[in-house]
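A.B. asks: Give me a 3D structure for the following:
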Amino acid sequence: MLFPGTCFLNKSGSLRLNLANQITMKRVLILTALILLGGLTTMAQKNFYSFKTKSIDGKEFDLSQLKGKKVLVVNTASKCGFTPQYKDLETLYERYRERNFVIIGFPANNFKNQEPGTNDEIAEFCQLNYGVTFPMMSKISVKGDDIDPLYSWLTRKSENGKFDAEVTWNFQKFMIDENGNLAGFLEPKESPLSEKIVKWIEE
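C.D. replies: Predicted structure coming up:
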């Protein structure tokens, strides 16, 4: 009895069918391997260097140019109780900038309207009041529906592969190692000159 969609094959036909099935199976396996490899490659590339941002004067800033450096990423504000941390951040930067260390400030207005100014106003404030020389970026959002892609990666384990670390206030500090991986973070109230940060830089 023959079932619908089947046909009788002689010995030669059976060999041809088996060969065709083997070729098809090989193609499926190769395609699956390529898809998996592509996914792994994408995951491997998603680190700090995967992102681009803009400097406070509006120029594109590719974070991959910081390869080989330890980076401290800080969301800043001009009208916060922690704003004086700018002074300690600048001290830290001056002390270790020649040891492959850099600080990047990201102004953000996510907390009680404590960073209402424009990029130009923020840059002037930082220079006049604290003599900031470390790189400052353009104003962004560090939480919520409009969160910047970099901060989405910094704060979500599903993206950074390390931990969840929602930004709770201005001046939260994220540590990025020389390979662009997330190494840790400090709460906003913790000093930029804390033992944890200094020890990390000097390791």
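A.B. asks: these two touch, right, residue 89 and residue 105?
C.D. replies: Yes - the pair residue 89 / residue 105 is scored as a contact, 7.3 Å apart, by C-beta atoms under 8 Å. For every residue, glycine as well, the C-beta is placed using N, CA and C.
A.B. asks: And the pLDDT for residue 21?
C.D. replies: Residue 21 is assigned 71 on the pLDDT scale.
A.B. asks: quick one: it is in a helix?
C.D. replies: Yes - counting by DSSP: H, G, I helix; E, B strand; the rest coil, residue 21 is part of a helix.
A.B. asks: which residues sit in contact with residue 118?
C.D. replies: Contact analysis of residue 118 by C-beta atoms under 8 Å, 6 or more residues apart in numbering lists residue 139.
A.B. asks: residue contacts, the residue nearest to residue 168 when sequence neighbours are not counted?
C.D. replies: Once flanking residues are discounted, residue 168 sits nearest to residue 188: 6.4 Å by C-beta to C-beta, 6 or more residues apart in numbering. Residue 188 makes contacts with 82, 168-173, as judged by C-beta under 8 Å, 6+ apart.
A.B. asks: Over to residue 188. Which of the three states is it?
C.D. replies: From three-state DSSP, the assignment for residue 188 is coil.
A.B. asks: Mind pulling up the pLDDT for it?
C.D. replies: At residue 188, the pLDDT recorded in the model is 98.
A.B. asks: picking that back up, common neighbours of residue 89 and residue 105, please.
C.D. replies: Joint contacts of residue 89 and residue 105 (C-beta under 8 Å, 6+ apart) are 74, 132, 134.
A.B. asks: how much space between the second one and residue 146?
C.D. replies: Pointing back at residue 132 there. Distance, residue 132 to residue 146, by C-beta to C-beta, to the nearest Å: 25 Å.
A.B. asks: can you check residue 138 too?
C.D. replies: Taking C-beta to C-beta, one finds residue 138 at 14 Å from residue 146.
A.B. asks: cool, residue 66 as well?
C.D. replies: 25 Å.
A.B. asks: and if you look at residue 118?
C.D. replies: Counting by C-beta to C-beta, the gap from residue 118 to residue 146 is 18 Å.
A.B. asks: Repeat that for residue 98.
C.D. replies: 37 Å.
A.B. asks: So which of the shared contacts of residue 89 and residue 105 wins on neighbours?
C.D. replies: residue 74 (24 neighbours; other C-beta atoms under 10 Å).
A.B. asks: Confirm that one sits in a strand?
C.D. replies: Yes - checked against three-state DSSP, residue 74 lies within a strand.
A.B. asks: can you dump the C-alpha coordinates of stretch 121-139 into PDB?
C.D. replies: The C-alpha trace of stretch 121-139 is given here as PDB (Å, rounded to 0.1, in the frame of the first residue of the first chain):
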ATOM      1  CA  GLU A 121      25.700  76.200  30.300                       C
ATOM      2  CA  ILE A 122      26.800  72.900  31.900                       C
ATOM      3  CA  ALA A 123      30.300  73.100  30.300                       C
ATOM      4  CA  GLU A 124      30.600  76.700  31.600                       C
ATOM      5  CA  PHE A 125      29.500  75.800  35.100                       C
ATOM      6  CA  CYS A 126      31.900  72.800  35.300                       C
ATOM      7  CA  GLN A 127      34.800  74.900  34.200                       C
ATOM      8  CA  LEU A 128      34.200  78.000  36.200                       C
ATOM      9  CA  ASN A 129      33.300  76.300  39.500                       C
ATOM     10  CA  TYR A 130      35.400  73.100  39.500                       C
ATOM     11  CA  GLY A 131      38.000  73.500  36.800                       C
ATOM     12  CA  VAL A 132      36.800  70.300  35.200                       C
ATOM     13  CA  THR A 133      39.200  68.900  32.500                       C
ATOM     14  CA  PHE A 134      38.000  65.400  32.200                       C
ATOM     15  CA  PRO A 135      35.700  64.700  29.200                       C
ATOM     16  CA  MET A 136      32.100  65.800  29.500                       C
ATOM     17  CA  MET A 137      29.500  64.400  27.200                       C
ATOM     18  CA  SER A 138      26.200  65.800  25.900                       C
ATOM     19  CA  LYS A 139      23.200  65.700  28.200                       C
END
